[in-house]
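> Here you go, sequence then predicted model.
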Amino acid sequence: MIEVENLTKTYGPKVALQGVSFTAERGEILGLLGPNGAGKSTTMRILTGYFPPTSGSARIAGYDVVEDSLEVRRRIGYLPENVPLYTDMTVRAYMDFVARAKQVQQRQDNVDWAMDAARVDHMADTIIGRLSKGYRQRVGLAQSLLGDPEVLILDEPTAGLDPNQIIETRQLIKTLGGDRTIILSTHILPEVSMVCSKVVIINRGTVVAVDTPHALTRQLTGADRVSLLVRAPAAEAERRLRGIAGVVEAVAHPQTGGLVQLDVDAEPGADVREQLSAAIVGQGWGLLELRAQSLSLEDIFLQLTTSEDHLDSYAQPAPAVAEEVLA
Ligand code: ADP
Ligand code: MG
């Protein structure tokens, strides 16, 4: 549905994007994740036809964003970083105004539907200037829905919202998904794992990783690690667990009181937790703890954006601090 190929954008001497490529399938919610200045808004502005890339190309539903910009505009809804909301208009009047500008068919019905979908229908007659930041953002989402576009491009949709509004907005975005393809940008790391099916990590104008939030974690650790606390003879426990199919390595760290911590690395994708617990209990040993360990997106991001050659970091084991379990 969306194909971005080798995009470059320079603002005068400033290189904002260099060789950005990614794709999004129909129905996918793709998260563009990166710190401020990474190039997220620039990428989105190119996709919406706001300005052309310096080089490279992008297609939406097969239409080139530069060559066929009218076809593209008909198919996308855009929530810009700073939504230009006319503060002295009512929500309905603003929606009607945008619908006219977009030349939306069956304007009245479409405005009603979009306000309903973005849950601002009960605010239709309120002056925008009197709305909370959260509601203004929803009005921004509502206007992006006008014309019922196949693709939504949402630039930092949760920026500046309070925690409750953030939760509501994320839920709203998920419900707006379905058949629609959504690209949203964020610098909030947990957001992509909560909302997105795919994540494109971008830093200083380059894509440093593309994957599912879960697979990214696995790619970096190279394996799924399970940490156990058992009451068992260390050497024998180590030997037993190494014998389990799917286990790559097991290392015992003896603790006080006859306990031993066992760090087990499994082959990527192999979930060996049940086999581990069965083996331990089967020996009559005590199983006090069993916990899957993986990198949080924060750790991933740090690794991907701080290493000289990020591919090197794929081969390194998980740092000891990374214990957050990714849902
Ligand atoms: P993000 O949305 O990820 O924060 P942007 O796409 O807004 O990043 O910006 C990428 C880089 O391009 C930044 O270094 C920013 O300072 C620069 N930039 C963005 N817009 C302009 C502009 N109109 N003129 C000059 N530099 C710009
Ligand atoms: Mg931005």
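On my side now, so go ahead. Ligands and ions are numbered 1, 2, ... in the order given.

> All the helices of the chain, residue numbers only.
40-47, 69-75, 91-101, 107-117, 133-145, 163-176, 189-195, 213-221, 234-242, 273-282, 297-306, 310-314 (DSSP state H).

> nearest residue to residue 240 other than its sequence neighbours?
Nearest in space to residue 240, with sequence neighbours left out and distances taken as CB to CB, 6 or more residues apart in numbering, is residue 279 at 5.6 Å. For every residue, glycine as well, the C-beta is placed using N, CA and C.

> on that earlier part again, ok, which of the helices of the chain comes nearest ligand 1?
With CB to the nearest ligand atom as the measure, helix 40-47 is the member of these nearest ligand 1 (3.2 Å).

> Output the contacting helices and strands for that closest one.
In terms of contacts (3 or more CB pairs under 8 Å, 6 or more residues apart in numbering; DSSP states H and E), helix 40-47 is packed against strand 2-11, strand 14-24, strand 29-33, strand 55-60, strand 151-155, strand 181-186.

> picking that back up, so the residue nearest to residue 240 makes contact with residue 241?
Yes - using CB atoms under 8 Å, residue 279 is in contact with residue 241, at 6.4 Å.

> And those two? Which one has more around it.
Taking neighbours as other CB atoms under 10 Å, residue 279 and residue 241 compare with residue 241 leading, 25 against 19.

> residues touching the more buried one, list them.
Contacts for residue 241 (CB atoms under 8 Å, 6 or more residues apart in numbering) come out as 247, 250, 262, 264, 276, 279.

> again with residue 44
32, 78, 153, 155, 183, 185 are the contacts of residue 44 under CB under 8 Å, 6+ apart.

> Same question for residue 230.
Counting by CB under 8 Å, 6+ apart, residue 230 touches 237, 259, 260, 262, 280, 285, 286, 287, 288.

> Residue 279 now?
For residue 279, the contacting residues are 240, 241, 244, by CB under 8 Å, 6+ apart.
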